[in-house]
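Enquirer: What follows is a predicted protein model with its sequence.
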Amino acid sequence: MPTFPTLEEIGVARARIRPAVRHTPLVPADERFRADDLYLKIETFQPVGSFKLRGVFNAVAALSEAERRLGVSTVSAGNTAQALAWSARFFGVAARSLMPETAPAAKIESVREFGGEPVLVPVAELFRYLREEGWKQEPYAFIHPWTHRDVMTGHASLGLEVLEDLPDVETVLVPVGGGGLLAGVGAALRALKPSVRIVAVEPEGCAALHRSLEAGRPMEVDCRTIADGVAVPYITGEMFPLLRELASSVALVSEDRLKSTVKRLALWNKLVAEPSGALSLAAALAIPREQRGKTIALVTGGSIDGDKLAGILSIP
């Protein structure tokens, strides 16, 4: 059963990932959003275009040389696979990622460009592989995208940066797929500033954490959302207790509001974000200033197909 990363572990991870991971900028949301005291943490500026490099690089770097030589593998909608391919190239080893056939072409191509091997399978097969722990029958060193402790600990470095850059932050909004980012960032925030409100954010069309918290136990939902980066239809039994303890609340975002936020983020803040990357901002914009205080929305990823972006930008 996973437990929260400790501050000592987070410090070790931060030093370990320093050769690869950037301390990303914190910028105010454009004034046209009409949202006072709202700041954006721009993880799209990581070398792979998302926060995923923090945890994945930490996990790969923590392996022994003998383990890495076997090659590394993961399961991913795209961003974890890109981070794994980039990290594997850094260490000169092979990377293999099981990805859904429906993954955006931009993400699949980026995995190949970074030197990784995308293995495309039906979505149902991908989640079956996860549930049945199919990696145990394979020779690769498997990096689980959510429950791997080194992944969560690497992601926690983002929480340290949040507090360094805005010590008086009152609310941090974190998108949730499998929950690894929330567990890591939340662990750092809880340890250093327990008063911070942590708002978990999901699309209305794939609200597994929201449904699980309502039921008081891990639940599975149907996923129908443009936010492929967080389209995880269930919360695992390992992650549920951690996420339940960390999340002050869960905010749900409609598909229309999400598309509108992607468009305005591009046109106003000049930032290209994939839908899952814009989730936190979309949720923050719906919370009155007096309820959230000084707020940081994590802009977590920017891998979006050009035609999808063009379609969103053309929406009136």
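Expert: Nice, thanks for sending it over. Numbers count the residues shown, from 1 in each chain.
Enquirer: For the rest of this, base every contact and every neighbour count on C-alpha atoms.
Expert: Will do.
Enquirer: where along the stretch 51-200 of the chain do the helices fall?
Expert: Along the stretch 51-200 of the chain, counting by DSSP state H, counting those that start in this stretch, helices occupy 52-62, 65-69, 79-91, 105-113, 123-131, 149-165, 180-192.
Enquirer: Leu213 is nearest to which of the ones you listed?
Expert: Within those, the stretch nearest Leu213 is helix 180-192; the backing value is 14.7 Å (CA to CA).
Enquirer: And for that closest one, what's in contact with it?
Expert: For helix 180-192, the external contacting residues (CA atoms under 8 Å, 6 or more residues apart in numbering) are 4-7, 10, 145-147, 151-160, 163, 174-176, 196, 198, 200, 242-243, 246.
Enquirer: switch to 7 Å and redo it
Expert: For helix 180-192, the surrounding residues in contact (CA atoms under 7 Å, 6 or more residues apart in numbering) are 4-5, 7, 146-147, 152-153, 155-156, 158-160, 174, 176, 196, 242-243, 246.
Enquirer: any idea of the angle that helix forms with helix 149-165?
Expert: Relative orientation of helix 180-192 versus helix 149-165 (axes from the mean of the first three to the mean of the last three CA atoms, to 10 degrees): 50 degrees.
Enquirer: got the buried residues for helix 180-192?
Expert: 180-190 (16 or more other CA atoms under 10 Å).
Enquirer: Reformat these as CSV; add distance to Pro118 and pLDDT.
Expert: Shown next, in CSV, are these (distance: CA to CA, whole Å; pLDDT from 0 to 100):
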residue, distance to Pro118, pLDDT
Gly180, 22, 96
Leu181, 23, 97
Leu182, 26, 98
Ala183, 27, 97
Gly184, 26, 97
Val185, 28, 98
Gly186, 31, 97
Ala187, 31, 96
Ala188, 32, 97
Leu189, 34, 97
Arg190, 36, 96
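Enquirer: Which one of those is nearest to Gly71?
Expert: Gly180 (22.3 Å).
Enquirer: if I look at that closest one, how far off is Thr153?
Expert: Using CA to CA, to the nearest Å, Gly180 is found at 9 Å from Thr153.
Enquirer: do Glu113 as well
Expert: Applying CA to CA to Glu113 and Thr153 gives a distance of 27 Å.
Enquirer: Of these two, which one has the most company?
Expert: Thr153 (32 against 13; other CA atoms under 10 Å).
Enquirer: List the contacts of the more buried one.
Expert: 5, 9-10, 13, 55, 184.
Enquirer: Pull out the buried residues from those residues.
Expert: Buried among the contacts of Thr153 by 16+ other CA under 10 Å: 5, 10, 13, 55, 184.
Enquirer: Closest one of these to Glu125?
Expert: Gly55 (24.5 Å).
Enquirer: I'd guessed the closest one sits against Ala156; true?
Expert: No - using CA atoms under 7 Å, Gly55 makes no contact with Ala156, being 8.1 Å away.
Enquirer: shared neighbours, these two?
Expert: Both Gly55 and Ala156 lack any common contact, where contact means CA under 7 Å, 6+ apart.
Enquirer: which residues touch Tyr140?
Expert: Residues near Tyr140 by CA under 7 Å, 6+ apart: 70-73.
Enquirer: okay, and for the chain, where does confidence drop off?
Expert: Scanning the chain for pLDDT under 70 picks out 1.
Enquirer: tell me the centre residue of it?
Expert: Among the residues of the chain, the one closest to the centroid is Leu181, at 5.3 Å (CA atoms, centre = their mean).
Enquirer: re earlier: what would the contacts of Tyr140 look like in CSV with distance to Leu271 and neighbour count?
Expert: Shown next, in CSV, are these (distance: CA to CA, whole Å; neighbours: other CA atoms under 10 Å):
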residue, distance to Leu271, neighbour count
Leu70, 38, 15
Gly71, 34, 18
Val72, 31, 24
Ser73, 30, 27
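Enquirer: Between all of these, which two are separated the most?
Expert: Top of the distance list for the contacts of Tyr140 (CA to CA): Leu70 and Ser73, 9.7 Å.
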